[in-house]
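> Sequence first, predicted model second:
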2 protein chains.
Amino acid sequence: MIEALTNKLANYLDLEQEDIQSLRESVQQVEHIEAGQDIIRVDEKPEYVHLIVEGWGCRYKYLEDGKRAIVAYLIPGDVCDIHIAMLDHMDHSVSALTPLKLAYLPREAIERCFRDNHTLARAFFWTSLVEESTMREWFVNATSRPADKRLAHLFCELLMRHWAAKLERRADRFPMPLTQNELADAMGISLVHTNRVLQRLRRDGLVEFEGRTLIVLDWARLKAFADFNPTYLHLQEDKVWAGERSVEALGSSSGR
Amino acid sequence: MIEALTNKLANYLDLEQEDIQSLRESVQQVEHIEAGQDIIRVDEKPEYVHLIVEGWGCRYKYLEDGKRAIVAYLIPGDVCDIHIAMLDHMDHSVSALTPLKLAYLPREAIERCFRDNHTLARAFFWTSLVEESTMREWFVNATSRPADKRLAHLFCELLMRHWAAKLERRADRFPMPLTQNELADAMGISLVHTNRVLQRLRRDGLVEFEGRTLIVLDWARLKAFADFNPTYLHLQEDKVWAGERSVEALGSSSGR
DNA sequence: CGGATTATTGACGCTTTTCAAATGCAGTGG
DNA sequence: CCACTGCATTTGAAAAGCGTCAATAATCCG
């Protein structure tokens, strides 16, 4: 249930069994949500903190002219709204991009944890700082790289985040449930351009689709093309390394 | 010395006199730094947390091709690197844009405060979440708005941040020490385009320069033009309101 | 006053957007 | 099984926004 979260946190610190247990006990209920439904809306202050167990979600804002700007993708192990332990209202909304399995943690359980459990408090603060760091990188990505490198960069990030949460057995792929429209809204480029750029990445042999799974054909070349430096994800090299090594091997041996 | 910081925090919670005192005692030394100098570099783990007392700084990253991407401006009251209380290395650099007066807080003082002083711990977590929220808005700004609105949006934010830290007596202005190059690096547009867009804002009577001070001529119109919604700054309306009201009045009475 | 930044202007080209239409694809009901 | 429907993907052509290059003016500072 919360393995994706604990796997992710393990990249930063060593959780004791009792910390994990205490987290597990905080889960009060589990809900299923349909694609397109909102989990939390801007200006709300929800009573529960939501953890994604299965499926993808996104943080987004609507602009005056009706355009939707996606500011983050959420995958299993991501928490939607710890902000709410500190802030008095959401400054953005969160919705389901696919059907979602969600764990609900009562806000007071989180607040108790901030007071009583130093390890878990640090862990949650850490996820928050990593999100901030990720936003910085998304900003740099959007302002400084052309659309094709931008998209490649996103794929690099998503692959490593799937490694960190140990969501896939094979290191060269991850599920890609997004439509090109949903990709476009997160890259800040038009749907038409997204389509063309995506074709280019495929034509150049960097990535490939197998149904709704994205396969990285050449990790080294994709990273280089995107100017991807994973520092900002704050993962500990030695803990993610196994995955990375196997995919490096895979990338060079598969040729192409 | 730390008034700008405490003023800013007061927008979120009520600090007791003893909390302020405990913060004040954490300041171990004060340094002056020249414009252009780095305060912290990427990958470092500094022993001190740095607070800006006077002057402007910025967070930035360099790209492969040598371009500098500015990801945040830091003004008095802003803390450069609380990240470091949790993370093991900086994922970006921080440098001085103007001559800077900096307060140094030993890292262990911050860590002690996280353990012992619940109020201050919340306060620091709050600043971190607001920075995250601001990064989201910068991302939306960069990906979804044309260059002129983007620049207008930045000016709106900087004005309100100066209100929040009570840095200016007059509510319609703030110091603008940045060169157009430094503006361009933060907006993700070229220097030439920045120049043209800035001229447009002046020609349209939205802003004006008085030496190195930026004057907002029509706050209501600037906000509307930029599609600026201050929710993301998480300031409490009633505490900033005095400033905002006076500038609304100012904006409409000055005509133009 | 002189050298060095910083601000401004013009011309041209490329990336990306917009509009519009076509094609493919999955689910539904007859 | 097939037509129908709605959504996602793909393609083309023209226009807009913005970047680059290159040169000139203004400003700052010692």
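Structure received.
> what about the closest residue to A:Lys67 other than its chain neighbours, how many residues close to it?
Nearest in space to A:Lys67, with sequence neighbours left out and distances taken as Cβ to Cβ, 6 or more residues apart in numbering or on different chains, is B:Ser144 at 6.0 Å. For every residue, glycine as well, the C-beta is placed using N, CA and C. Counted by other Cβ atoms under 10 Å in any protein chain shown, the residues lying close to B:Ser144 total 20.
> before we move on, what about the one 3 residues further on?
Applying other Cβ under 10 Å, we find 19 residues neighbouring B:Ala147.
> and the stretch 151-256 of chain A, which of its residues are near chain B?
A:187-188, A:227, A:231-232, A:234 (Cβ under 8 Å from any Cβ of the partner chain).
> Briefly note if the one helix or strand A:Cys156 maps to comes near DNA strand C.
Assigned by DSSP states H and E, A:Cys156 falls within helix A:147-164. Yes - Helix A:147-164 reaches DNA strand C (Cβ under 7 Å from any atom of the strand) through A:147-148.
> Which strands and helices lie in contact with that helix?
helix A:118-144, strand A:173-175, helix A:180-187, helix A:191-203, strand A:213-216, helix A:219-226, helix A:237-253 (3 or more Cβ pairs under 8 Å, 6 or more residues apart in numbering or on different chains; DSSP states H and E).
> part of a helix, is A:Ala59?
One thing to correct before we go on: residue A:59 is Arg, not Ala. No - A:Arg59 is assigned strand when assessed by DSSP: H, G, I helix; E, B strand; the rest coil, not a helix.
> Tell me how many other residues crowd the nearest residue to it once chain neighbours are set aside.
Leaving aside its sequence neighbours, A:Arg59 sits nearest to A:Ala72 (Cβ to Cβ, 6+ apart; 4.1 Å). A:Ala72 has 19 neighbours, counted by other Cβ under 10 Å.
> For A:Ala72, list the residues it contacts.
A:58-59, A:131, A:134-135, A:138, B:136 (Cβ atoms under 8 Å, 6 or more residues apart in numbering or on different chains).
> Now for those residues, which sits with the most neighbours around it?
A:Trp138 (27 neighbours).
> wouldn't that one be in contact with A:Val71 here?
Yes - using Cβ atoms under 8 Å, A:Trp138 makes contact with A:Val71 at a distance of 7.5 Å.
> So for the two, which residues contact both of them?
Residues touching both A:Trp138 and A:Val71 (Cβ under 8 Å, 6+ apart) are B:Phe139.
> thinking again about what came up before, make a markdown table out of the contacts of A:Ala72 and add pLDDT and distance to A:Gln29.
Formatted as a markdown table, those follow (pLDDT from 0 to 100; distance: Cβ to Cβ, whole Å):
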| residue | pLDDT | distance to A:Gln29 |
| --- | --- | --- |
| A:Cys58 | 98 | 23 |
| A:Arg59 | 98 | 23 |
| A:Glu131 | 96 | 25 |
| A:Thr134 | 98 | 28 |
| A:Met135 | 98 | 30 |
| A:Trp138 | 98 | 32 |
| B:Arg136 | 98 | 28 |
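> of those residues, closest to DNA strand D?
A:Cys58 (13.8 Å; Cβ to the nearest atom of the strand).
> Once you drop chain neighbours, what's closest to that closest one?
Sequence neighbours aside, A:Ile70 is the residue nearest to A:Cys58 in space, at 4.8 Å (criterion: Cβ to Cβ, 6+ apart).
> Just confirm that neighbour is within a strand.
Yes - assessed by three-state DSSP, A:Ile70 belongs to a strand.
> mind checking how far A:Arg161 is from chain B?
Using Cβ to the nearest Cβ, to the nearest Å, we find A:Arg161 at a distance of 15 Å from chain B.
> That should have said A:Phe209, apologies.
From A:Phe209 to chain B the distance is 25 Å (Cβ to the nearest Cβ).
> tell me the contacts of that residue?
A:176, A:202, A:215.
> my guess is A:Asp218 meets A:Gly205, correct?
Yes - assessed by Cβ under 8 Å, A:Asp218 is found in contact with A:Gly205 at 6.5 Å.
> Between those two, tell me which one has more neighbours.
Remark: of A:Asp218 and A:Gly205, A:Asp218 carries more neighbours, 22 against 14, as counted by other Cβ under 10 Å.
> in the stretch 51-200 of chain A, which ranges drop under the pLDDT threshold?
Regions of the stretch 51-200 of chain A meeting the criterion pLDDT under 70 are absent.
> Serialize the contacts of A:Phe209 to TSV and add fields for neighbour count.
Below are those laid out as TSV (neighbours: other Cβ atoms under 10 Å in any protein chain shown):
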residue	neighbour count
A:Met176	18
A:Arg202	13
A:Ile215	16
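> Pick the one among those residues closest to DNA strand D.
Lowest distance from DNA strand D to the contacts of A:Phe209 (Cβ to the nearest atom of the strand) belongs to A:Arg202, with 8.1 Å.
> The closest one: what's its closest spatial neighbour, skipping adjacent residues?
A:Glu208 (6.3 Å).
> Kindly indicate whether the one you found is helix, strand or coil.
Three-state call for A:Glu208 (three-state DSSP): strand.
> What number of residues are in the vicinity of the residue nearest to A:Cys58?
Applying other Cβ under 10 Å, we find 23 residues neighbouring A:Ile70.
> tell me which residues form a beta bridge with it?
Following DSSP bridges, A:Ile70 is listed with bridge partners A:Tyr60.
> Is it in contact with A:Asn181, as I believe?
No - in this structure, A:Ile70 is not within contact of A:Asn181 by Cβ under 8 Å, at 10.1 Å.
> about what we covered before: when you check DNA strand C, which of the residues of the stretch 151-256 of chain A next to chain B turn up near it?
Contacts with DNA strand C within these, as defined by Cβ under 7 Å from any atom of the strand: A:Gly188.
> near DNA strand C, which residues of chain A show up?
By Cβ under 7 Å from any atom of the strand, the residues of chain A that approach DNA strand C are A:146-148, A:188-193, A:197.
> closest to B:Trp126 among those?
For the residues of chain A next to DNA strand C, the closest approach to B:Trp126 (Cβ to Cβ) belongs to A:Gly188, at 28.3 Å.
> check contacts around that closest one.
Here A:Gly188 is in contact with A:69, A:142, B:142-144 (Cβ under 8 Å, 6+ apart).
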